[in-house]
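> I would like the atomic coordinates for the input below:
(2 chains)
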Number of protein chains: 2
Amino acid sequence: MPLDGDLTPVPAIDALTLPAPRAQPAPPVARLCTVETEARVRHTYGKAYRDVVRALRGDFAAAPDVVARPSTEDEVVGLLDWATSTGLAVVPFGGGTSVVGGVECRDRSRPVLSLDLRGLAGVVEVDPTNRLALILGGTEGPAIAEALRPHGLSLRHYPQSYEFSTLGGWVATRAGGHFATGYTHIDDLVQSVRVVTPVGVAESPRVPASGAGPAPDRLWLGSEGTLGVVTAARVRVQEIPTRTAKAAVRFADYGVAVAATRDVVQSGLRPANCRLLDPLEALIGAGVADGSCRLLLAFESAVLDPSSDFEQALALCRRHGGTVGDPAGGGSSREWTDTFLRAPYLRDALVRLGVVVETFETACTWTAYADLRSAVTDAVAAAGGVVSARFTHVYPDGPAPYFTVYAPARRGGEVEQWDALKASVSAAIVATGGTITHHHAVGRDHRPWYDRERPEPFALALRAAKSALDPAGILNPGVLL
Amino acid sequence: MPLDGDLTPVPAIDALTLPAPRAQPAPPVARLCTVETEARVRHTYGKAYRDVVRALRGDFAAAPDVVARPSTEDEVVGLLDWATSTGLAVVPFGGGTSVVGGVECRDRSRPVLSLDLRGLAGVVEVDPTNRLALILGGTEGPAIAEALRPHGLSLRHYPQSYEFSTLGGWVATRAGGHFATGYTHIDDLVQSVRVVTPVGVAESPRVPASGAGPAPDRLWLGSEGTLGVVTAARVRVQEIPTRTAKAAVRFADYGVAVAATRDVVQSGLRPANCRLLDPLEALIGAGVADGSCRLLLAFESAVLDPSSDFEQALALCRRHGGTVGDPAGGGSSREWTDTFLRAPYLRDALVRLGVVVETFETACTWTAYADLRSAVTDAVAAAGGVVSARFTHVYPDGPAPYFTVYAPARRGGEVEQWDALKASVSAAIVATGGTITHHHAVGRDHRPWYDRERPEPFALALRAAKSALDPAGILNPGVLL
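Numbering: from 1, shown residues only, chains lettered A, B, ... in the order given. As a prediction, the model looks like this:
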């Protein structure tokens, strides 16, 4: 990849010019609000490639007019009331780690309030008998882990954004979790949610399951800030695992490795890790230099002996020619995990060096996958880039492939370059049977494809629900609807 | 229990007097419709105790005016159009096994069309690679099993109504399934649904998972015929299990048995069967005469050796004093299964003998369960009855208890007697933290408690969705909304 050797400088905040704020907070909410430049800058973008590029350019034309930092639910209610009465758009903001334009209000027809929920934080209640914890919406991943640890408990939910993202953000975007199989999405881990809407507070029943009508939680899970603000959730926690059995299984042929992975998940086994790295992903992420691929397998438990499940999974892999113990070196799950954790930091440095680097993700059936991967690879190649693939999650009916794209940037035209690449890859994914997003959410960037994927009667129902819950249309305009 | 020795006769259909039909089918739908007495009688009720009693009395005042039997989706569309244009209420009818008044239209303000979907039946496509099957909404349980068997596949979904109920009915009511743990509800088994609404056909994306907005399927799952007619679903199937490991574990003390059951499900084990029978349930259902209780445990697989999981589950039970191999005789899972399968037939005979016999079910947290069971037992005792309990499903955060009530009937006043008992038990369940239904659905009988359980903003959203999808309000009026 031809780099030009330049390193884009990071602009200084006090050198930035922002549009003048178009709203002036008045009492009683004024004390919760700021129109200062630094706060507005920090709430302008998420963490997509196109966000990083624009931030490096010093382009903050999309900055919110006001940033509010409530620390109680009543303050959230007060801020929504103020927004309704003064005609503001409200963008709920958790960790600000959206990679799909979820926190950037592009509708500039009215002033924008960024509602930073990180003051509404804390693990309020831990219930070891029922394995539940009541956690406020603005609580970040590490704070959740820290509060649960003394009880020997963990949420076991680690999106790549974990260090910064919040429980409320996970619920709003249907975050994908730690486990490659089984109960892993935040959807599965939520027992009940509490949501502030412009017409009142909703809290779903605190029961392990219910068949009473359509599930209320499921309306807010994935609503991306358009139907309310998630102020708390009662989540299912588990004992911290103490026993692990893991291996990186080598397959010379990728198609065979895909079939082996399918066998493992269709057998009924539920490995914590079942991440298949294609040859390029294995090379970049885990130092595998011989063109083979790796299936990272792990089973974990606090109580059970994972060895029987682990051995049965390995036996299934061996039937497909998989081997454990690596003649070519590299490919351990530790190496890959390190890369995974460093990736977002590395990405920001690569962007400064002039590399387009970004990820796409989807889910499709097993039979659709080969064509989908080819179509994505072709689309990226046509744009002068390369793409690697891993499975983040696997299901009996198909994998969730995650693609990382690398291409030389056209300095100064990165956003347009990226948008064109994104459009051609998205078209390839949808044309070959994938969803536009498995766990990155829709935001604003995925809207055109989401609108086509969503059944039209569901769009009608969702619009009607939006009008009922947010009659003034203040919540995250431009997202989903 | 003092029985009076009478056996209520079953009335002859040709002796029944029905209200005159208030609608006359016209072309093009006339050929799909009938106003004959037998068809109307067979579509008047579900299978609740109060339904059986009224049927035995020959009371068919609630009969639908017209019964329609479409066999294509276009015919369903045509019938909804006809209903809209002529102001009929439409009650979607699958197996007619509702025990909550789901198929009995009590709103007599307009003529009622019972839409029997069993002509829209068949397994259209079997996809062994992705473990999926496309099945029409009116297909009954046994027909699904028969079509999948030659492929070595099974849906593994056996509600007690399985013999008569349909896939569309399961989807509409969020049916509870075969497995006591893990992926067992029809919600989990559905990859995508196809629904005819008065404003168009909705089909959700055929992907194993998606994070694109609130899940469309979840709006129709549990909608109980109020938001559309389920004409087909793509469901997740699995290999027919060939290996089973099972035992009935004896516990002398019920509270200890509950704690052991909790330990098993919180360990991460996912037994296919994990049904705890309380002493009365163990006596009636499995012939256990010494006042002990039984935990029916089973693990099953088509591919894996279930013995390690099974042994680890037994080890957890033994830590609580559970024993396998029964000194007092009885209590085998086979005996209990036989009783389970015979129960609905036995129930009908008991009703004729003058016994009030009916079931309630709920789900609650582990810590709520002891008080909930006490409150239910007290409420039933106050009405002169006895109640047994089993867990149908168990979750890490709580069990789904299933209660069977027996009481001497007041001849001639059974419906009123039952409604009073039902009301006091429902109040007890809700007051002690249970949901009004875990898998029997809301129908019309659970409405008062459902309305209180449902978050008010969700009710607003659901009503708005209903207006958008069913502007004329023809679909199953009185259910949910």
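> Could you use CA atoms for every contact and neighbour count after this?
Fine.
> quick one, phi/psi of A:Arg206?
For A:Arg206, the backbone dihedrals are phi -90, psi 70 (criterion: degrees, to the nearest 10).
> who's in contact with the nearest residue to A:Pro159 once chain neighbours are set aside?
Nearest in space to A:Pro159, with sequence neighbours left out and distances taken as C-alpha to C-alpha, 6 or more residues apart in numbering or on different chains, is A:Gly177 at 5.3 Å. Contacts were defined as C-alpha atoms under 8 Å, 6 or more residues apart in numbering or on different chains; by that measure A:Gly177 touches A:Arg156, A:His157, A:Tyr158, A:Pro159, A:Thr184, A:His185, A:Ile186.
> neighbours of the residue nearest to the first one when sequence neighbours are not counted, just the number please.
It stands for A:Arg156. Setting aside the residues directly before and after it, A:Arg156 is nearest to A:His178 in space (C-alpha to C-alpha, 6+ apart), at 6.1 Å. Each residue near A:His178 was counted by other C-alpha atoms under 10 Å in any protein chain shown, and the total is 20.
> Which strand or helix spans A:His178?
Remark: A:His178 resides in no helix or strand, with elements defined by DSSP states H and E.
> Need the per-residue pLDDT for it.
For A:His178, the model assigns a pLDDT of 80.
> same deal with A:Gly101?
Among the per-residue scores, A:Gly101 shows a pLDDT of 97.
> which residues are in contact with stretch A:149-157?
In this structure, residues lying in contact with stretch A:149-157 by C-alpha under 8 Å, 6+ apart are A:128, A:144-145, A:148, A:176-179, A:184-186, A:235-240.
> Just the buried ones from the residues you listed?
Neighbour counting by 16 or more other C-alpha atoms under 10 Å in any protein chain shown classes A:128, A:144-145, A:148, A:176-179, A:184-186, A:235-240 among those as buried.
> which parts of the helix or strand containing A:Leu283 are buried?
Assigning secondary structure by DSSP H and E places A:Leu283 in helix A:279-286. Using 16+ other C-alpha under 10 Å as the burial criterion, the residues of helix A:279-286 that qualify are A:Pro279, A:Leu280, A:Glu281, A:Ala282, A:Leu283, A:Gly285, A:Ala286.
> likewise stretch A:27-34?
Of the residues in stretch A:27-34, those buried by neighbour count under the rule 16+ other C-alpha under 10 Å are A:Val29, A:Leu32, A:Cys33, A:Thr34.
> How far does stretch A:381-394 sit from its chain's centre?
With C-alpha atoms, centre = their mean, to the nearest Å as the basis, stretch A:381-394 stands 17 Å off its chain's centre.
> Output that stretch as PDB, nothing but the C-alphas.
Taking only C-alpha atoms (Å, rounded to 0.1, in the frame of the first residue of the first chain), the coordinates of stretch A:381-394 have been written out as PDB:
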ATOM      1  CA  ALA A 381     -10.800  -4.400  -4.800                       C
ATOM      2  CA  ALA A 382     -12.600  -2.200  -7.300                       C
ATOM      3  CA  ALA A 383     -11.900   0.700  -5.000                       C
ATOM      4  CA  GLY A 384      -8.200  -0.200  -4.700                       C
ATOM      5  CA  GLY A 385      -8.400  -1.800  -1.300                       C
ATOM      6  CA  VAL A 386      -8.100  -5.200   0.500                       C
ATOM      7  CA  VAL A 387     -10.400  -6.700   2.900                       C
ATOM      8  CA  SER A 388     -10.100  -9.300   5.700                       C
ATOM      9  CA  ALA A 389     -12.900 -11.300   7.300                       C
ATOM     10  CA  ARG A 390     -13.600 -12.800  10.600                       C
ATOM     11  CA  PHE A 391     -16.800 -14.200  12.200                       C
ATOM     12  CA  THR A 392     -17.700 -12.300  15.300                       C
ATOM     13  CA  HIS A 393     -20.800 -14.500  16.100                       C
ATOM     14  CA  VAL A 394     -22.100 -17.700  14.700                       C
END
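> By mean pLDDT, flag the weakest helix or strand of chain A.
helix A:333-352 (a mean of 79; mean pLDDT, DSSP states H and E).
> buried sites along that helix?
So helix A:333-352, judged by 16+ other C-alpha under 10 Å, has buried residues A:Ser333, A:Trp336, A:Pro344, A:Arg347, A:Asp348, A:Leu350, A:Val351, A:Arg352.
> Would you mind stating the distance between the first one and B:Pro28?
Meaning A:Ser333. Summarising the geometry, the distance separating A:Ser333 from B:Pro28, computed by C-alpha to C-alpha, to the nearest Å, is 65 Å.
> In the stretch 51-200 of chain A, what residue lies closest to chain B?
Of the stretch 51-200 of chain A, the residue with the smallest distance to chain B, taken as C-alpha to the nearest C-alpha, is A:Asn130 at 4.6 Å.
> Give me the secondary structure label for that residue.
coil (DSSP: H, G, I helix; E, B strand; the rest coil).
> What separation do you get for the nearest residue to it once chain neighbours are set aside and B:Gly102?
Closest residue to A:Asn130 apart from its sequence neighbours, by C-alpha to C-alpha, 6+ apart: B:Asp397 at 4.6 Å. Remark: distance between B:Asp397 and B:Gly102 (C-alpha to C-alpha) = 29 Å.
> Kindly report the same for A:Ala63.
Applying C-alpha to C-alpha, one obtains 52 Å for the distance of A:Ala63 from B:Gly102.
> Neighbour count: these two, which is higher?
Looking at A:Ala63 and B:Gly102 with other C-alpha under 10 Å, you find the greater number of neighbours at B:Gly102, namely 30 against 27.
> pLDDT weak spots in the stretch 1-150 of chain A?
Scanning the stretch 1-150 of chain A with the threshold set as pLDDT under 70 gives A:1-2.
> and it, which residues reach chain B?
On the criterion C-alpha under 8 Å from any C-alpha of the partner chain, chain B has as its neighbours in the stretch 1-150 of chain A the residues A:Thr129, A:Asn130, A:Arg131, A:Leu132.
> Just the buried ones out of the residues you listed, please.
Buried among the residues of the stretch 1-150 of chain A next to chain B (16+ other C-alpha under 10 Å): A:Thr129, A:Asn130, A:Arg131, A:Leu132.
> Out of the buried residues of helix A:279-286, the closest to chain B would be?
The shortest separation between chain B and any of those is 22.6 Å, and it belongs to A:Glu281 (by C-alpha to the nearest C-alpha).
> from what I can see the closest one touches A:Arg390, true?
Yes. With contact defined as C-alpha atoms under 8 Å, A:Glu281 and A:Arg390 form a contacting pair (6.6 Å).
> where exactly do the strands run in the stretch 151-300 of chain A?
For the stretch 151-300 of chain A, the strands defined by DSSP state E, counting those that start in this stretch occupy A:153-154, A:190-197, A:200-203, A:229-236, A:238-239, A:243-251, A:273-277, A:293-301.
> What helices and strands are in contact with the fifth one?
Pointing back at strand A:238-239 there. Under the contact definition 3 or more C-alpha pairs under 8 Å, 6 or more residues apart in numbering or on different chains; DSSP states H and E, strand A:238-239 sits against strand A:153-154.
> Mind listing the strands the strand it packs on pairs with, and their directions?
When pairing is defined by DSSP bridges, strand A:153-154 lines up against strand A:238-239 (antiparallel).
> Need the residues that contact the partner strand.
The set of residues external to strand A:238-239 that reach it, using C-alpha under 8 Å, 6+ apart, is A:Arg131, A:Gly152, A:Leu153, A:Ser154, A:Leu155, A:Arg156, A:Ala302, B:Gln266.
> ok, now stretch A:368-387?
A:280, A:399, A:403-408, A:421, A:424-425, A:428-429, A:432-434.
> coming back round to it: from the buried residues of stretch A:27-34, pick the one nearest B:Leu297.
Using C-alpha to C-alpha, A:Leu32 comes nearest to B:Leu297 of the buried residues of stretch A:27-34, at 55.5 Å.
> Would you confirm that the closest one contacts A:Ala68?
Yes. A:Leu32 lies in contact with A:Ala68 (C-alpha under 8 Å); the separation is 5.4 Å.
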